[in-house]
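Asks: When you get a sec, could you give me coordinates for this:
(2 chains)
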Amino acid sequence: MTSCQCNHGAESFGEMGVNSPGGGPSQPSRRGFFHACFAVMTGIAGFIVAFPIFSFMRLPKRINTAKSIELPLATLSESQALFFEREGTQIVVIYTNREPKAFDAACTHLGCLVSWDQNEHVFRCPCHGAVFNDQGAAVKGPVNMPLKKIKFEIAKGVLVIA
Amino acid sequence: MNTIAKLTKAIMGEVDERFHLTPVIEQNLTRKRVPKTLSWAGCFGGLAFLIFLIQIFTGILLLMYYKSDAERAWDSVTFVKSNVPMGWLIQRIHSVGANFMIALVFLHMARVAYLRIFRKPRELHWISGSVLLLTTTMLAFTGYLLPWTQLSYWGAKVGTEIPSAVPLLGQYIVLLIRRGPSISGETLGFFFAMHIWVLPGISVLVMMLHFLMIRRTGISRPL
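Replies: Residues are numbered from 1 along each chain as shown, chains lettered A, B, ... in the order given. Sure thing, here's the model as predicted:
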């Protein structure tokens, strides 16, 4: 633009159509034609620049690397909790009353990660004091939704979260 | 088109009433007077600046994914090239743009030298331009290490060996710029900081001086 001597910028808010030979703005003029060409080419150039930039801002492709979690039951011990991460979700597996249970460790209030209190058999949320029992049900605090259960299967003594 | 022109006129009218901006734009941009003898070769410096702007823009985009960590640098660049939409294009523009920028800086300097534009009163233009040549090559050199490939590793190895030729202080300078006895994660961090903040910052400051001086002395006319 700077080195171009045809003054597009100045004309665009100057006297549009006043100098056209026909006198009326409806008459197609050479200047109008060049203005239209300029606008179209600017649009194309703008698209060529904008398209990759907006594409870049989209989410990147991620290869699904989520593996199933396999946990031999022998590794679980009474009252202990084990945490796993899978696809950005924290999963907690506990073993109480000879029964394994798996939950999404995000508190159902505002999503903080709960911790396991092995003495009292409850989950405690560090943020706003929510308490959940070993069945995942809310017992105290600013929440009444239970912890989200995670499905699992037990095959040949191995706990599998698909 | 006509509505856009009307809208522009309405907005510019309001702005002009307060800031008298149109005369400034006309004087400096749209109706700026340049010597009739000025050829297209006079664009090299401006084009180098345009590429500098493109480099800053694509650099910011790449920075969203780049990790200046020896363990993850290569993976992050590969991730941009293969997984981010149009990432290959942005990465390629940034790496090829560096070559173009150096080429244009050299063409610009060759023209200025050949036409003897550096003579009085434009000596400082040449000196500030030389500083810009230095920052441009340093930007290219530091950026070359960042993808952490074999090529960049050995390129940095050879490049940082050069100051060892300096008498007495040589070995010490090499240690300083490598941040240790060999090219390592510390070198990468140092080069990254230089590439992202220090060198672009110095470049922008010197460019402002360079451009202001040109505005002050005007465009050179032939002998």
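Asks: okay, CA-based contacts and neighbour counts for the rest of this
Replies: Will do.
Asks: Burial check on residue A:123, number of neighbours?
Replies: 26 (other C-alpha atoms under 10 Å in any protein chain shown).
Asks: How about the residue in chain B positioned nearest to chain A, nearest residue that isn't a chain neighbour?
Replies: Per C-alpha to the nearest C-alpha, residue B:84 is where chain B lies closest to chain A, at 4.2 Å. Take residue B:84 and drop its neighbours on the chain: the residue closest to it by C-alpha to C-alpha, 6 or more residues apart in numbering or on different chains is residue A:60, 4.2 Å away.
Asks: My understanding was that the one you found contacts residue B:81; is that so?
Replies: No. Contact criterion C-alpha atoms under 8 Å: residue A:60 and residue B:81 do not qualify, at 10.3 Å.
Asks: With adjacent residues omitted, what lies nearest to residue B:115?
Replies: residue B:222 is the one closest to residue B:115 (C-alpha to C-alpha, 6+ apart), at 7.4 Å.
Asks: So, low pLDDT: which residues of chain B?
Replies: Filtered on pLDDT under 70, chain B yields the residue ranges B:1.
Asks: If we use 80, what do you get?
Replies: Applying pLDDT under 80 to chain B flags residues B:1-2, B:222-223.
Asks: what residue is smack in the middle of it?
Replies: For chain B, the residue nearest the mean C-alpha position is residue B:52 (3.6 Å; C-alpha atoms, centre = their mean).
Asks: What helix or strand is that one located in?
Replies: Applying DSSP states H and E as the criterion places residue B:52 in helix B:44-63.
Asks: now do residue A:123
Replies: strand A:122-124.
Asks: now for that strand, which elements pack on it?
Replies: In this structure, strand A:122-124 makes packing contacts with strand A:115-117, strand A:131-133, judged by 3 or more C-alpha pairs under 8 Å, 6 or more residues apart in numbering or on different chains; DSSP states H and E.
Asks: need those strands in a markdown table with mean neighbour count, can you?
Replies: Converted to a markdown table, the helices and strands packed on strand A:122-124 look like this (neighbours: other C-alpha atoms under 10 Å in any protein chain shown):
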| stretch | mean neighbour count |
| --- | --- |
| strand A:115-117 | 20 |
| strand A:131-133 | 23 |
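Asks: how distant is the helix or strand containing residue B:108 from the center of its chain?
Replies: Using DSSP H and E, residue B:108 falls within helix B:87-114. The chain centre lies 9 Å from the centre of helix B:87-114; the measure is C-alpha atoms, centre = their mean, to the nearest Å.
Asks: same question, stretch B:152-161
Replies: Distance, centroid of stretch B:152-161 to centroid of chain: 21 Å (C-alpha atoms, centre = their mean).
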